[in-house]
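In: Okay, structure incoming, though there's no sequence with it:
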Ligand SMILES: Nc1ncnc2c1ncn2[C@@H]1O[C@H](COP(=O)(O)OP(=O)(O)OP(=O)(O)O)[C@@H](O)[C@H]1O
């Protein structure tokens, strides 16, 4: 039995600001699989996630993900503060063709906050609103950068359940996190992929994008 992978990285090197951060990264994520990214601050976790999300090209190697496969949750919550929780989620749901937002609101315990302007949420509530978007994208590959920042223990548990359910439905997840989410997932340690000694200067200049 072999299912098509949702993500394949082959001999990937990544860079930020013209500096190679890591090289030789190879991985495959299939339906139902998660991978945890670990490494010290500045080791390139965010840069790798940005590269997988297509926000920047790899310095070398190939990144293969299905078309419209990736849902990327970055450090920023990406919410509209003047809109209510419902209005934010309705906007995202419409973008991705999802009609019913109630299951998503329930899954992240946001139903009681549905009519509150997003700008009046606490930091952890804002983070939950940023993450709940994942549920209405319908996209199979979740690429998540420190998703649990500002979440309390109960919210971390809700998030871990959402990821587990997503994997159970045939999705996959690549997650940079410093905390244990209780997932049965292997760890990719960035320190195992040292940068190439020679860095091509200016291979990607993000000031031009
Ligand atoms: N916009 C940028 N321009 C140039 N260099 C950058 C930029 N953003 C980050 N960097 C540098 O790239 C390196 C990798 O950063 P990155 O954010 O990928 O690391 P990280 O492993 O996610 O770190 P953290 O654990 O602190 O989130 C760091 O040395 C950082 O200073």
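Out: Sure, I can see it. Remember, predicted model here, so these are calculated numbers, not experimental data. Residues are numbered from 1 along each chain as shown.

In: Could you report the neighbour count for the residue of the chain found nearest the ligand?
Out: At 2.7 Å from the ligand, residue 17 is the closest residue in the chain, using C-beta to the nearest ligand atom. C-betas here are computed from N, CA, C, even on glycine. Each residue near residue 17 was counted by other C-beta atoms under 10 Å, and the total is 12.

In: wouldn't residue 10 be in contact with residue 26 here?
Out: Yes. Proximity of residue 10 to residue 26 meets the contact threshold set by C-beta atoms under 8 Å, at 5.7 Å.

In: returning to that earlier point: now the phi/psi pair for the residue of the chain closest to the ligand, please.
Out: Main-chain torsions, residue 17, degrees, to the nearest 10: phi 60, psi 30.

In: Please identify the buried residues of stretch 77-89?
Out: The neighbour-count check on stretch 77-89 (16 or more other C-beta atoms under 10 Å) flags 77, 79, 84-86, 88-89 as buried.

In: Likewise for stretch 96-105?
Out: Within stretch 96-105, the residues scored as buried using 16+ other C-beta under 10 Å are 98, 101, 104-105.

In: Of those residues, which belong to helices?
Out: Taking DSSP state H as the definition of helices, the buried residues of stretch 96-105 contribute 104-105.

In: Turn the buried residues of stretch 96-105 into JSON lines, columns for pLDDT.
Out: What follows is the buried residues of stretch 96-105, written out as JSON lines (pLDDT from 0 to 100):
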{"residue": "98", "pLDDT": "88"}
{"residue": "101", "pLDDT": "96"}
{"residue": "104", "pLDDT": "96"}
{"residue": "105", "pLDDT": "97"}
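
In: between the buried residues of stretch 96-105, which is closest to residue 191?
Out: Comparing the buried residues of stretch 96-105 against residue 191 with C-beta to C-beta places residue 104 closest, at 36.1 Å.

In: That closest one and residue 66, how far apart?
Out: Distance of residue 104 to residue 66, given as C-beta to C-beta, to the nearest Å: 22 Å.

In: low pLDDT regions in this structure?
Out: Flagging of the chain using pLDDT under 70 yields the residue ranges 1-2, 198-209.

In: those helices in it, which residues are they?
Out: Under the criterion DSSP H, the chain contains helices at 45-52, 85-96, 102-107, 123-137, 153-168.

In: ok, back up a step: and the buried residues of stretch 77-89, which two are the farthest apart?
Out: Within the buried residues of stretch 77-89, 77 and 86 form the most distant pair, 16.0 Å apart (C-beta to C-beta).

In: residues contacting the residue positioned nearest the centre of the chain?
Out: The centre of the chain sits closest to residue 144, judged by C-alpha atoms, centre = their mean, with a distance of 1.9 Å. Shown in contact with residue 144 (C-beta atoms under 8 Å, 6 or more residues apart in numbering): 49, 72-73, 134, 173-177.
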